[in-house]
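**Student:** Give me coordinates for this.
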Amino acid sequence: MKVPETFETTVSIDTLRDKTILLTGASGFVGKVVLEKLLRCVGGNGRIFLLMRGNRRFPSAEDRLYHEVLQSSLFDKLKSEQGAEFLENCLKKLHCLEGHLTQPLFGLDHETFAATAFSLDLIINAAASVDFREPLDDALKTNTLALDSLIDFSKFTPHCPLIHVSTCYVHGHHAGFCQEGNVVAFSGDLPLLDTGYVDTDAVVSSLQSRINVLYATISDIDERQAALVDLGLEVANAYGWNDTYTFTKWLGEQRLLNALQGRALTVLRPSIIESVLKDPTPGWIEGLKVADAVIMAYAREHVMLFPGRPSASIDIIPVDYVANSILISAAEALNAPCQHRFYQCGSSAENPVTLKTLIKLVRKASTTPGSGLDRLFPRQPKKSFVMVPAPLFKLITDGGLNYERWNYRLRKTLGLSSSKRALMKMETTVRLAVVFAFYTTQRYTFDNSELLALADRLSPADRAAFPVSTADIDWAHYLGNIHLSGLNNFALKPRPKKPEEPKLLRRVDKAH
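**Tutor:** Next up, the predicted model:
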């Protein structure tokens, strides 16, 4: 990549030192890792503002920060380094903005909003709603419209860079080699502005009209929510995206690109984000991610048949590599000209791993004695996990659903014992397929050459401390050992033990 000669070509993480940073999404999976690295790896007396709100369990943002973020095992390495000074250092550096992402000005009063904005050197937006089947109105609020307050922030400080975390899957149904750059619209029905980007106001207005119709015609809350989910999927598919999440994230990109013309905006797109590979805690993960749907389906034997291509690349990236990419792109943006940059953070271009390999590694782990994966595999799966082409999967499941529904109704009519278990398992398979089949039938590669070129401009020390290249990842070791152990130890709760029978009761039973 040719680097403009108007600025220093080297990039240093030390550029982040002493800076005032706004971080959104600090309570989320990616945001926690970014925050941990900012606290541990970036020195100085800079401040970090965290946009956060309380919840039912922890009413204030400060309580939630302490209990849900800083008490996470992710911060154990930092605590061991700083000891008793850990909380004191956090109090000095971290400042909660008690606000809500989806409210105008984040729900802050104008004075607080303006004063905070004027003080900022950098904005990192790691907040998102990663729900593939979210009601359309909620997804628009979080992934598209909430960006308006970030745009307002940047207007107070025009030279303050914004690092926006998006997703590689904004490429939707594009196939082949997907480059790091603006993703053009699939449908000619989407209105374009003179900038070349989509008129998101017009699109949102059109979608809002359809949302309003559902609110006016469906009074039952559950039915309306289900209709909004279906509407989101319908609209996304019609425009060329697989799900509501990726469609609204793409709209968010377009909104930022339009509003921040001539300003410093970096769009960082990760692929499927999974557990920490190296730093700070190998295997650390929160919740189950996209690839884990396949792993859990096999481990629990709830699903034995799934649409997919065994040879397809399942583009996985460790979360610490995503955080590293965010930080090095932030360091670049602070010292570079104000312009738009796109980086993609994935593995399919450098070191692809196939779905067949993933399933093979999971099977091996499930049959290895003493693997220590008791939560993930409470028992060894006896049934295989078969991948079939999508058309064949639909043919089989359509027939299976019709049979199970007919069988259930018939037995109930005849007064025979009836169970919905088989029907529910079939319905679970279909629901999972609707969301995840897109990610198991990939026919594209995410280019990351620009990100690698950026990493090459780091010092050798920074490049070693903040790796982004997946070329050297040993997938058998990462997936088979680190990631599965991470799922077992961090994502899955211990299985409840059978209550021990009181000794007195045992003695009475023995006497009888």
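**Student:** Give the buried residues for the helix or strand containing Tyr403.
**Tutor:** Assessed by DSSP states H and E, Tyr403 sits inside helix 390-413. Buried positions in helix 390-413, judged by neighbour count with 16 or more other Cβ atoms under 10 Å: 390, 393, 397, 400, 404, 408. Every C-beta, even on glycine, is put in place using the N, C-alpha and C of the backbone.
**Student:** In the protein, where is pLDDT below threshold?
**Tutor:** 1-8, 303, 418, 434, 494-512 (pLDDT under 70).
**Student:** Is the most centrally placed residue in the chain in a helix, a strand, or coil?
**Tutor:** Note on the chain: the residue nearest the mean C-alpha position is Val130, at 5.5 Å, using Cα atoms, centre = their mean. Following DSSP: H, G, I helix; E, B strand; the rest coil, Val130 is assigned to coil.
**Student:** Need the CA coordinates for the helix holding Tyr403. PDB is fine.
**Tutor:** Provided in PDB are the C-alpha atoms of helix 390-413 (Å, rounded to 0.1, in the frame of the first residue of the first chain):
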ATOM      1  CA  ALA A 390     -29.000 -26.300   1.600                       C
ATOM      2  CA  PRO A 391     -31.600 -27.500  -1.000                       C
ATOM      3  CA  LEU A 392     -31.400 -31.000   0.400                       C
ATOM      4  CA  PHE A 393     -31.600 -29.700   4.000                       C
ATOM      5  CA  LYS A 394     -34.800 -27.800   3.100                       C
ATOM      6  CA  LEU A 395     -36.300 -30.900   1.500                       C
ATOM      7  CA  ILE A 396     -35.600 -33.100   4.500                       C
ATOM      8  CA  THR A 397     -36.700 -30.600   7.100                       C
ATOM      9  CA  ASP A 398     -39.900 -29.600   5.300                       C
ATOM     10  CA  GLY A 399     -40.900 -33.200   5.100                       C
ATOM     11  CA  GLY A 400     -39.800 -33.800   8.700                       C
ATOM     12  CA  LEU A 401     -41.800 -30.900  10.000                       C
ATOM     13  CA  ASN A 402     -44.900 -31.800   8.200                       C
ATOM     14  CA  TYR A 403     -44.700 -35.400   9.400                       C
ATOM     15  CA  GLU A 404     -44.000 -34.500  13.100                       C
ATOM     16  CA  ARG A 405     -46.900 -31.900  13.100                       C
ATOM     17  CA  TRP A 406     -49.300 -34.400  11.600                       C
ATOM     18  CA  ASN A 407     -48.200 -37.200  13.900                       C
ATOM     19  CA  TYR A 408     -48.600 -35.000  17.000                       C
ATOM     20  CA  ARG A 409     -52.100 -33.800  16.000                       C
ATOM     21  CA  LEU A 410     -53.200 -37.400  15.100                       C
ATOM     22  CA  ARG A 411     -52.000 -38.900  18.400                       C
ATOM     23  CA  LYS A 412     -53.600 -36.100  20.400                       C
ATOM     24  CA  THR A 413     -56.900 -36.500  18.500                       C
END
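**Student:** And the helix or strand just after it, what does it pack against?
**Tutor:** Remark: after helix 390-413, the chain's next helix or strand is helix 421-436, criterion DSSP H and E. Helix 421-436 makes packing contacts with helix 290-300, strand 305-307, helix 390-413 when contacts are defined by 3 or more Cβ pairs under 8 Å, 6 or more residues apart in numbering; DSSP states H and E.
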